[in-house]
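Asks: Build me a model from this:
(2 chains)
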There are 2 protein chains.
Amino acid sequence: MVKRSGKRFLQAVGEFGFIRMIHRSFPARDRSILLGIGDDAAVLKPRPGRLLLLTVDTLREGVHFSRFREDPFSIGWKAAAVSASDIAAMGGIPRWLLMSLALPETVEEAGVRGMLDGMKALLKQYSISLIGGNVSRSKEGVSIDTTLIGEGTPGALLTRGGARAGDLVYVTGTLGDSAAGLEVLERNRKTRGGEAPRPRRPAGLIRRHLRPEPRVEEGRWLSRSGIATAAIDVSDGLLRDLGHLCEESRVGARIDAKSLPLSPELKGSAPLLRRPLLEYAAGGGEDYELLFTVSPRNQKPLEALGRRRKFSWTRIGVIVRKEERIALVDESGRPLKMESPGFDHFRRSSK
Amino acid sequence: MVKRSGKRFLQAVGEFGFIRMIHRSFPARDRSILLGIGDDAAVLKPRPGRLLLLTVDTLREGVHFSRFREDPFSIGWKAAAVSASDIAAMGGIPRWLLMSLALPETVEEAGVRGMLDGMKALLKQYSISLIGGNVSRSKEGVSIDTTLIGEGTPGALLTRGGARAGDLVYVTGTLGDSAAGLEVLERNRKTRGGEAPRPRRPAGLIRRHLRPEPRVEEGRWLSRSGIATAAIDVSDGLLRDLGHLCEESRVGARIDAKSLPLSPELKGSAPLLRRPLLEYAAGGGEDYELLFTVSPRNQKPLEALGRRRKFSWTRIGVIVRKEERIALVDESGRPLKMESPGFDHFRRSSK
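Replies: Predicted structure coming up:
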């Protein structure tokens, strides 16, 4: 997205011209928005009786993405998608986005427009309005900080803290695709000597990494039905996010390695990948699936709901007492050791 | 705040240990917070009938601050203060803060703690709760993105769009101190060869730059009384922010240069400063005063309100028709030319 010479797009339009450009391309179509972009603050009139859910995320060049690896459209899409996934994990509806954008002075116009287009596509698909933000110069790469505000219903929230020993552990979709996709992207980048790939139709695994789909519908139905006892989205890796859920619920968990849902693409790519598939599924981050727990008596209602709404979710284990901690076990119940238990921003145990 | 070698604080505590540390040092004391730091999203139960005001700001090392110029406490204070100033400019009450923090791996523990202490002090003074955020690695400097949510009352909001020709233009406090303080800081830095100043009691001008005080009380009274027709906070510089207000209101303005309120410290520092005082007052940014307009028939009620609440505000000009644009005039009404009309992040016409 950045080139070192050539026409300086941002200097030509200026900070306020750029804000006007964003304002024009993100119309607010929501009656609860009394004032959007253009004043000191946005003004919302929340619907009576609803709760507000608020989450913040960041995508930073050189940390979360690279200009030689991701295309601008995907970066914009993902910046908003990861926040929508947090709202989904609470059982809420994502509604309003604030964006803080930092751009190097040398950024290319096409890159910025592509990024805004990607964000716009995600917002349109999930009926989210951009209501405000901030633009600033950056000394180094592009960074996008998003604050997403969602609505929830009292008594129908999914938190991390409600799992009880005996509850069944489920996950939506498939696991490990994103981490495997990232590895493929990295390899492509090295093979091509740093040229940006910008694929129009990224293959399955790569697409899962570049354009995650937040599980908003699943989260809403799980919360409204009252079936799930706890939930979290899989952003840092299954075992690590399960660890967060277990910590807040003060429980342990036993996960059956064999049951982890793997996509046909991931299975088919096994010969190309550096590590065993289980490591992508259990340790790889950024799947943005929902990990949730259900009381055993609700197993049938959950399966009925899944069939009715065409949701895909898989039972992968059981919640146990805190003392038993978290174990990933093989078919005979023996604990498996993992090389990479997930992502920590400052320890970098994986990724 | 960053050193290149030595003990790596962040690697020692890890991402999640660091989040727990923040969680412990920022207790949520507000009954509207159903869930604060620690889940996928924070959960608020807004008070019925109130409006929500939302604003985002960023402070970035190398762009907004320098580790050789500002002390960590001031950086934390200012990161939240500039957002509170936006809420003040809408006539709202700042309530809940989300923080996205990006830190280089080499950051010093003392710097991070100092920064959090400064933010905590600002939040305490204005009864704002930290309800969530995000921490991430940064490839280069420290950056702090803040989203502040405030409450407002329907029918009592200050926007940029309500000024009419004939309205009087007022500003709170004094202008130009912050820009002059920044110049003094810069000079100190160069004289001392890059050593961080970390003054315990920065002198007046420097303090205005480091620890701005958002005009929350003034904004509330101006909005509740219904006296102000439009308002904005002075962050980019008087003339530029007046430009934003006039653009939204579709009017022009004539500002009397002689009437701009200058602090005794600024006047006393004239011999030390590089440019005429008027340039700091009219063009310098980051004063975080409120610039507002008042119908002439409300001049007396405004002055009475100022005396009663001990608010300091000064009449500096008048709103005119759009065709007359914005003019800074001398005592005989002649337009003055300005070298630096304010701050643009991508054009850098000043600062």
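Asks: Just the element for the residue nearest to the spatial centre of chain A, please.
Replies: By CA atoms, centre = their mean, chain A has its centre lying nearest to A:Val82, at 3.0 Å. Applying DSSP states H and E as the criterion places A:Val82 in helix A:72-89.
Asks: for the record, mean pLDDT for that helix?
Replies: For helix A:72-89, mean pLDDT rounds to 96.
Asks: So which bits of the strand or helix carrying A:Arg308 are buried?
Replies: A:Arg308 belongs to helix A:299-309 when assigned by DSSP H and E. For helix A:299-309, burial by neighbour count (16 or more other CB atoms under 10 Å in any protein chain shown) applies to A:Leu302, A:Leu305, A:Gly306. C-betas here are computed from N, CA, C, even on glycine.
Asks: need the next SSE after it, C-terminal direction.
Replies: Next element after helix A:299-309 (DSSP H and E): strand A:313-320.
Asks: Mind listing the strands that following strand pairs with, and their directions?
Replies: strand A:168-172 (antiparallel), strand A:252-256 (antiparallel) (DSSP bridges).
Asks: Could you report the neighbour count for A:Arg50?
Replies: Neighbour count for A:Arg50, taken as other CB atoms under 10 Å in any protein chain shown: 18.
Asks: meant to ask about A:Arg297
Replies: Neighbours of A:Arg297 (other CB under 10 Å): 8.
Asks: Same question for A:Gly38.
Replies: 16.
Asks: quick one: secondary structure of it?
Replies: Using DSSP: H, G, I helix; E, B strand; the rest coil, the structure places A:Gly38 in coil.
Asks: same deal with the one 5 residues further on?
Replies: Of the three states, A:Val43 takes strand under three-state DSSP.
Asks: For the helix holding A:Val82, which helices and strands make contact with it?
Replies: Helix A:72-89 is packed against strand A:51-60, strand A:93-103, helix A:109-125, strand A:143-152, helix A:204-210, helix A:216-225, strand A:228-233, with contacts defined by 3 or more CB pairs under 8 Å, 6 or more residues apart in numbering or on different chains; DSSP states H and E.
Asks: Just the angle for the second one relative to strand B:51-60, thanks.
Replies: What it means is strand A:93-103. Counting by axes from the mean of the first three to the mean of the last three CA atoms, to 10 degrees, strand A:93-103 lies at 30 degrees to strand B:51-60.
Asks: which strands and helices sit next to strand A:93-103?
Replies: With contacts defined as 3+ CB pairs under 8 Å, 6+ apart, the packing partners of strand A:93-103 are strand A:42-44, helix A:72-89, helix A:109-125, strand A:129-137, strand A:143-152, helix A:216-225, strand B:51-60, strand B:143-152.
Asks: avg pLDDT for the fourth one?
Replies: Spelled out, it's strand A:129-137. Mean per-residue pLDDT for strand A:129-137: 92.
Asks: isn't A:Asn298 right next to A:Ile227, touching?
Replies: Yes - the criterion here is CB atoms under 8 Å, and A:Asn298 meets it with A:Ile227 at 4.8 Å.
Asks: Next, count neighbours for the spatially closest residue to A:Leu54 that is not a sequence neighbour.
Replies: Nearest residue to A:Leu54, sequence neighbours excluded (CB to CB, 6 or more residues apart in numbering or on different chains): B:Ala42, at 4.6 Å. Here the number of neighbours of B:Ala42 (other CB under 10 Å) works out to 28.
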